[in-house]
Structures are given as C-alpha cells and as structure tokens.
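Student: What follows is a predicted structure for the sequence shown.
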Amino acid sequence: MKPRDYNYTYHTILCIKTKLSDNIKQYVDFQKGVYYPFSCVSFENNGKIDTSRVVQIISESGYKKSLKDEELLEHFNVENIIANKFMIKR
C-alpha cells in the first residue's frame, strides 16, 4: 500500500509588538517577531484583513484571542501574512 500525504495550509500573521496577557499573572500572549496562526472572515473572502472586523489569533498559550481596530494594528502587521503548509505523511 502506498503512503498518503495529507496537506493542510494555514496563514500566519507577524507580531510587531509583544503583548502581555490581561490576567493577574502576567505572561506573554504574543511575542514580537513571531508569526501566529489566525482566522478572519474578511481574509477568507478577499485575501485582505479588514481591521474593523474581529481577527482571532492563536496565542502562545494556545487560546484564541480576538483583536480588532487599533489593538490589532498596534501588535500585528496586517500586510505581512505568510501561508504555511503542514504535511503529515502516513
């Protein structure tokens, strides 16, 4: 039997400013210079991020954080998006 390749493409966005959590115990949500996976309806429809709509970004702790407007632009470069391909071989 021939092994199969399972492909999964996901997009990531570049963090331009470190963001700490809002919890009592301060930890890093997003680290400057790191690309994070995200989901956004406007990006899925036309390939561009509309900052007035919510963008969900997966943080260092694995939780989805919802950002938009000024907070999104303060911490992320919405023009710097990379497509990653994840391959599982079986």
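Tutor: Looks like it came in fine. Values in this document were obtained by computation on a predicted structure and should not be read as measured data.
Student: Where do the helices of the protein begin and end?
Tutor: Using DSSP state H, the helices of the chain run over residues 41-46, 69-75.
Student: ok, Thr12 - how many residues close by?
Tutor: Neighbourhood size, Thr12 [other C-beta atoms under 10 Å]: 17. In short, each C-beta sits where N, CA and C put it, glycine included.
Student: Check the one 10 residues further on too.
Tutor: Other residues within reach of Asp22 by the criterion other C-beta under 10 Å amount to 8.
Student: same question, Glu79
Tutor: Using other C-beta under 10 Å, Glu79 has 9 other residues around it.
Student: now do the one 3 residues further on
Tutor: Applying the criterion other C-beta under 10 Å, we find 10 residues in the vicinity of Ile82.
Student: wait, it sits on Tyr36?
Tutor: No: between Ile82 and Tyr36 there is no contact under C-beta atoms under 8 Å: 10.6 Å.
Student: Next, show the common contact partners of the two.
Tutor: Here Ile82 and Tyr36 have Thr12 as joint contacts, going by C-beta atoms under 8 Å, 6 or more residues apart in numbering.
Student: Quick check: the gap between Glu70 and Asn45.
Tutor: Here the distance between Glu70 and Asn45 works out to 23 Å (C-beta to C-beta, to the nearest Å).
Student: show me the residues around Phe76 that make contact.
Tutor: Neighbours of Phe76 in contact, by C-beta under 8 Å, 6+ apart: 13-16, 30, 36, 55, 57, 67.
Student: Now with 7 Å, please.
Tutor: By C-beta atoms under 7 Å, 6 or more residues apart in numbering, Phe76 lies in contact with 13-16.
Student: Which residue, other than its chain neighbours, is closest to Lys85?
Tutor: Spatial nearest neighbour of Lys85, chain neighbours left out: Thr9 (5.2 Å); criterion: C-beta to C-beta, 6 or more residues apart in numbering.
Student: now swap in Val34 and tell me
Tutor: Distance criterion C-beta to C-beta, 6+ apart; nearest residue to Val34, sequence neighbours excluded, is Cys15 at 5.4 Å.
Student: Thanks a lot, catch you later.
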